Every structure is written in C-alpha cells, then in structure tokens.
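Novice: pasting the structure only:
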C-alpha cells in the first residue's frame, strides 16, 4: 500500500530569526522513509504545494510532519510538529483524511506554545497509477505538478471510483465547475492513454451515475482493466508528446563507473528507442532469456504520481553465479530525455537479497543519440551505455562490491550487444568514416585562375579611371606637336606652363602611384594565398582541426567599400593563416587547417581577422574572437558561428562560420605520458587519478570530460580575510574551492592567463607561511576576480595563496605546470639559466643545512601518506555538494561540559585577543600565538584568524596550527556561539583532515556569577587513511586535557582579577 501526503501551506508560523521572519520547510517521516519540502525564505505563512508517497508496511506506525526553520550557521530549529497514526487514515471513510488544518505541537522544551497550523491532505492509494487518485480530495491550492490538476477529471473519465459519499462527489464536481483549468501536459498524456474512452468533461457527469458505476464494478476487475489499458498505450505518440515538451534539453553525461557499450547502428534513434523500450518489443525478454533470468515481468510505462517523469518497473530473478545464488532484482527505468533525436533512460537495479544488497543500487544509463549520416543517406544512431554503483550507506566492502559489479556488468552487456546486433545492423565505421572526415570531405575550396582573380581585383574605379586618363594623355601626345623650350626648360625636361597643367600632372602621378600599390599588393597576396591550407599535422596526441567556411558582414576599411580579409588562428603558440580574399565583405574560404599534435589538450583558440594592406604596411585588424575549450562543449564546435569582437566588427555585426574538431589520437596513453613527463620535472611520481575522482573534479568546476586532475593541496586564499580551502591543479587550469561556514567560493583560471609567479617570505598576516603570488595578464581571468587580492591600474589581477601543508611540493608542481603551458621556449631557457646561476652560488655549507632540514618526522609522515583513490573521489564529491568545510554537515559530539564560576563576559576574554587570551594559550602550550582582529562577516557575525605552534610537550612534531574562528550571539539567550575550523601543519597526515570545534557558553539565571560551557568536536577527512580511529582518539584525548587546563587557568585569572 502507498500513503500519499500533500503538504499545501501553513499559517501563523512564529518568527524564529532576528529579522522577524522564519525560513520554514517541512520534514515528513514514516518509519525510515524521510522527505522534505523546499525552503520558503522570510515567510510566516508559507505555501509549498508538494506531494510525497510512502510505502506502508505497518499500520501501527505514525506519520510525523514537522515544520523547521532553516539556519545557515547553526542547527535548524524545530517550530512544531504533528503526528498522525496511519491506522487513522486506513479506518477513515474512503481511506483518506480530507484537506484539514492541523495545529503544530511544540517540543517539550520549547517555550513558545503557539506554533501555527499546517494544511495537509493524507490518503491511501492501492495502485500507483497516474490515473488512480481519490475522488474525495478537493484541493483548494494549485499544485506545481501539472498532473495533480487532472486528478478528479481523469478519475471520472477512466478509473472506477471507490466508495464515496454523494456529498463529497457533488462538492468535488461543483469545485471543478467554478474553477475550470486549461488542459495540462499530463491531461494530454491521459487522453492518449484513454483515447477510446468518452472524454466528457467532469462537470457534465452526474453523481448518481458515478456511484452506480463504483458499486457495480469489482476493484479486481477494474485493476486488470487498468493494466490492459496501459499495455495498449500508443508508445510512439507518448514519445512525440514528450519530445515537444523536452525540446532543447541536453543529453546527460556518462556515469562515472565507465562506458560498457558504445556502438553505431544503421537505424534512426526513434526506431532504436522503440526496439529497446517499447512495451510491444520482446527485446528485453530475449535478453533475460539469454542471460538466464527467470520470472521476468515487464511493468507498464506510467507517469508516477501525476508527474511528467515516465517510469516503469521490471522484475526478474537473476541467474545464479559461482559465488552468489539466484537473486530477485527490481529494475526501475526512468526516461530522462526523449526529444525525438535523443533518448536517455536511467535504470536503477536493486538486489536487497544479495550480500550487503541494501547498501547499494546499480545504475545504468542508456543514451541514444543521432549518429553521422550513412553513405546511403539514411540516419544512424549511437547507443552509449554507462554505469555506476550508488551506495546508499557506507560499507567497508565498497571496493569488493564495485569490482564484482564491474565484471558482471561487463559480461552482461557483451551478451546484450551480441543480441542487439542480431536485431539491428551495426554501422560500419570504416565505410562511413568519422563525422569529422565527412564534414571536411564536403568542403571544396573555390579555385580561381590568376586571370580571373586579376580581373576581379582590378575591376574598380581607381584602375579604370587611371587607364582612361593614361589613354587620354597618350592620344593627346600623339596629336600635338612638341612645344618650344622656354623658361627653365631644357632638352628632355618639359615643365607645366600653367596652374591647370600642374594640377593635371599631380592627379596623374597620384593615380599612377595607387595603381602601382594595387599591383604590388596583388602580387604579394598571390604569394601568401593558401599558405597553410591542407598542410597535414605531424605527430600523435591531441589533434586540433579547424575548418574555416565563410565570413559575414566583415568591416570595410578601403574606399571601395570592401576589404581584403584573411584569418590567423593561434593555439599553443602555433599559428595558421588563411588565404586572402580580394574585395569581399562576405568571403567564402572552405579551407582546412591542422595543428601539430599536442601532449595536452589545448585551452584556447585565438581567431583574428585582418585586412591585407601590402607587404610593407601593418595589417589592419578587423576584429578577433576566442574559443575556450574549457567552457564550451567540443560537440557544439562542430558547426558554429562565432561573433567577432572589436570596434569595427561589432559595428558591422561581423561573424565567422567555423567547424572545430579536437581528437585524441593516442587514447589514454597521452594522459599517462603527460603525467610521467611532469613527474620527472617535479621530482616525484604523479599518479593517474581514478575515473571517479576525475569525474568529481570535472563536475565541481563544470569542466569537459577530457580534463584530468593532477594534484590538489589544502591552503589559504588571502583576500580581506584568509579563506581556508583547496587548490586543484590540472593540465589546463588552476582552481580554488572553499566552503567555510556555509559560504562557498569557487573559481579557476588558465595557466596561460598567468604572467608571473612570485614567492615572498613568510609574514605575520600569512601565519608564518611563504606566500605564492600569481599575477595574471591584463584583462585575463575576470571570471575569477572575486578571488583576487588586488588589481593594479593596468588590470592585472593578483592572487595570494599561503599556508600549504606541503609548501615545497606545491610550489614545484605549480611552477612546472606553469612553465609547461604558459612560457615560450625563450622564456624557459632564460629561467633555466637563472636557476643554474643561483644554484652555483650556493655554498656547500648551505647544502648541508638543506639536507638536514628533512627531519625524521617528515620521513615518517611521507611513509604514512598512502591515499586511496576512491576516498579522494568521495572527498571531491563532498566538496561539490557543499559539505567540504561546512560545520553544519559534520557529525559533532560533545567532549566537554561544565559550569564555570565566572560570568560569560569574562569567559569571552578568551576570544577577544586580550592579554588574558595570550596568557591562557601560552599556558596550554601554544607558542608564537598571533591573531587577526575580529571583522564583521555578516550581521552579528564576526570572524578572525589564529596562528600558533605547539610546544614539544603537546606534540613531539611541534606542528603549526592555522585556525578560523567565527562568533555570534545565541538567539534568545544571553550567551555566545563560537565556531572554529583548524588545520594542522607539519604533523603526519595533517593534510588528511580538518578539525571543527564549537564552543557554546551562556549565563546561568540560577547563579549570580556562573556560566555553562559546552564544547563539541568533529573531524572532516578529505583523504582516507588506516589511521583514522587512532588519530581521532589521540586528538580528542589531547583536546580534552587542553580544555580542562584552559578553563582552569581562566577561572584563576578571574579570581586574581577580582
């Protein structure tokens, strides 16, 4: 049985925030099933209109509906709750509770007794079909899901009613008459499902006839009829309806577990989709027979709970294997996209009877997209199947489960592919060629002879007028007699005899000069024409191919109203130049340019259009454009019009038609080779990260699939206040991510954007750590400007990073990656010479000191740093979801609770940066204690930074601590809440975890002088380690001892001061 709960609205919610409002949301729980609504910001009478479905196994259970107030920094406050026994709903008439207001009951400790009311509807549904909704429900509020609006109408038209009182039916009908609604998308789908049923409006049906129908029909019979009705759905018509609704949506990316099937088939995408997922197709049954599955049952496609998500359930018993017996499997298939040209179905398979089966689900994504056109002119389709394991609970058997699932899925889809090839002919990729080859083969360069080009180029007013004037002068010379020598003339020198003759001579000279310039430009352009077109790329790796098709509305700089444009492409310091098109504003090129293979994928392709002015003049730029491969999907570049930027280009709205292709000719070897090369330069082997880690990294910064993570470091970003986060390094970008107390900061920029990298000595503001300053080129990296420390008058952004756990390793890696991407060969040679010069000056004594810097503790720490790739992926995923440093997501437990004989105001001296603060910290073994002043981060929220070193009696490693503290007033109480995030440096595995502390102090009304202090502790692990329990236990024990000493010293200071 299914219990449906519709949460509509609430009223008279008490204000829980200082601004006089609340941020309410609703949590619902039945047994272990939990749901929650969206949060309505700053509202005391919120409206949700959301619906939820619970599976009911025990009628004695109670449904708990709680209204909470969201709090950004602390735990959410419970406003009130109501408990509804499931048996009460089951025993009610029509097995439903009408839409009613329920008074919210406060918690036992709450002072506020008036918690407001909530409007909900609760009912039972025996069938999860879209068309099975109780007729007694009259919804006074519009629901966001369109299917809910047609509940009454679809029930009257197609589904037999349960026993209902005439009064309720009449009320429902009259309500529908008063508020008629326009047909929704779900209405149209319901009409498709029931096209043979009379579609008379609900308002025209009389109540007695409906009651008669409900009494006459048996529920079992009606259920069978409903199943027959769904099996007869016009699947193609449903797909077309969904296509009209979902047009423009993108195809989901592959799942991180890997691709198990990628094949082209000689059939249109719609036909392949029908073969695989149509209810009339027997393909899935055939697959089950081949794989040895039994008791196969294929459920009907349904719009679950009136939503627009089309789902069906498939059940079967999997054949036994060598290690596992036969298991019952339930597969839920959901259409994610169906727009006519692309289809995506997500299948979630659960096997609860398998070992640890309740902790995971196997998810398989089927993506059907339009493939390249076949030689016969027909359409082809591409089927890509990817998978992943979705772990619902953490388990130590995760690696073993994934390994076994990977092998099983691989074998299953080998059989799947073989059977599918028997039903649909696979397309021959060799005969068809790649999409790139087909597109490039269709391009034909316009070939013109030199004479045709000369006629086209010289057919203008300047040349024609010059020829006419020259002929006119020659005829004049032939008709006239030589004049007598006079004035300053002599034999061979004939000067003008009047002002008019002088002007005519000047005009002739200027015309002759312009004609000679035109001839010179034409001859030079003929030499340059087509210099890079058709030159094949050399080597293997990342191959970039650019097809320049045409231009549109290019700016005219000549007096003729046209220009002589050509295009220059620049990528990774290499250029390709197109031919010159004479006297064109809409030139047609159809030229292909290939860049020599690169070891790493390119970041940016620069495109600039010039007007040819001759061999000795600087070319005039008509505009430029930039293609960023990190922010653009490479599939979108296969046919694109790019706008040209610049004053001339923007005035004319100039554009270029390009087709860009980026291929990896070496497969996965190109990544391994690049990491090996970088590892040699860094001086430490760089491991290839797992697909899960790279997928999480790509998702965190919205990067393309070809981007791969090289290394990441915990550090601080220095702005107005230091921000603790993590620095991520890849082949093309450097990115930073932080989530501190709920404030997320995320940005990245290209290595090519960096003009200079400097390292400055430690300062007090950097917590005693060296600072790496990255200066960007003027005008670059503006998307990341919110992370910059300063910006100079020329527009250069400067980023400051410090407090690296392993500074030397971070600096070497950053410098190596920057030199590999951003520096020219001449700059690299210059840096190498400077480094060798500096090394030769170093004395033997300094070298001995440098060798002694590697302490035994550091060697021990290096031996313990064994990182599991799967845990790195988990860490990255948690960062992407916002739980990297947010204290609200950490499992914290109390480590200290006591009543101190001092007021709260004096206790806060421990956090005010006073002399008492310094003395107490020194007594507990904190050396070189320093802090920044408190600064207002938000209303009534203050933040500061701490730095100190441990005394030897506290830690034999004498590590360093950088800490961020945030304090705020306790709401409704005379007290304070202090949150602290700590990072340990110079201790083994210090880069693996972050410590979180929470101090809560408040006055005791029962005592004249006294305060209650509670301290909570938690650990966030960014990387996995076998020493987790041991480290946590050690830190907690040390922390408890320190807290006792701190508060004891503080009490003594209070007594001595009074």
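Specialist: That came in fine, so what should we check first? What you see is a predicted model; the values in this text were computed from it and never measured.
Novice: Now residue 965, what are its backbone angles?
Specialist: Reported as degrees, to the nearest 10, the phi and psi values for residue 965 are phi -110, psi 140.
Novice: sorry, that was for residue 783
Specialist: Taking degrees, to the nearest 10, you get phi -70, psi -20 for the backbone angles of residue 783.
Novice: beta partners of the closest residue to it other than its chain neighbours?
Specialist: Leaving aside its sequence neighbours, residue 783 sits nearest to residue 747 (C-beta to C-beta, 6 or more residues apart in numbering; 6.8 Å). In short, each C-beta sits where N, CA and C put it, glycine included. Note on residue 747: beta-bridge partners by DSSP bridges are residue 736.
Novice: Show the contacting residues for residue 747.
Specialist: Counting by C-beta atoms under 8 Å, 6 or more residues apart in numbering, residue 747 touches 735, 736, 783, 784, 786, 787.
Novice: now with 6 Å?
Specialist: Residue 747 makes contact with 736, 784, 787 under the criterion C-beta atoms under 6 Å, 6 or more residues apart in numbering.
Novice: quick one: secondary structure of the second one?
Specialist: In terms of secondary structure, residue 784 is helix; the call rests on DSSP: H, G, I helix; E, B strand; the rest coil.
Novice: Quick check: it touching residue 749?
Specialist: Yes. Look at residue 784 against residue 749 with C-beta atoms under 6 Å: they come within range, at 4.7 Å.
Novice: what's the overlap in contacts for those two?
Specialist: The overlap between the contact sets of residue 784 and residue 749 (C-beta under 6 Å, 6+ apart) is empty.
Novice: Show me the shaky parts of the stretch 1-150 of the chain.
Specialist: Across the stretch 1-150 of the chain, the ranges flagged by pLDDT under 70 are 73, 108-112, 126-150.
Novice: Helices of that one, residue ranges please.
Specialist: If DSSP state H, counting those that start in this stretch is used as the criterion, the helices of the stretch 1-150 of the chain fall at 86-91.
Novice: The stretch 551-700 of the chain too?
Specialist: Using DSSP H, counting those that start in this stretch, helices in the stretch 551-700 of the chain cover 647-652, 669-682, 691-701.
Novice: now do the stretch 351-500 of the chain
Specialist: Assignment of helices within the stretch 351-500 of the chain using DSSP H, counting those that start in this stretch yields the ranges 398-423, 429-432, 435-441, 450-458, 461-479, 499-528.
Novice: Over to the stretch 201-350 of the chain?
Specialist: Secondary structure of the stretch 201-350 of the chain (DSSP H, counting those that start in this stretch): helices at 207-216, 219-231, 235-246, 269-277, 283-290.
Novice: picking up where we left off before, what about the residue nearest to residue 783, distance to residue 695?
Specialist: Separation of residue 747 from residue 695 (C-beta to C-beta, to the nearest Å) stands at 20 Å.
Novice: likewise residue 561?
Specialist: Residue 561 is 54 Å from residue 695, by C-beta to C-beta.
Novice: the more surrounded of the two?
Specialist: Set side by side, residue 561 and residue 695 show more neighbours around residue 695, with 22 against 10, by other C-beta atoms under 10 Å.
Novice: State the number of residues packed around the nearest residue to that one once chain neighbours are set aside.
Specialist: Excluding the flanking residues, the one nearest residue 695 by C-beta to C-beta, 6+ apart is residue 256, at 3.8 Å. Counted with other C-beta under 10 Å, the neighbours of residue 256 add up to 20.
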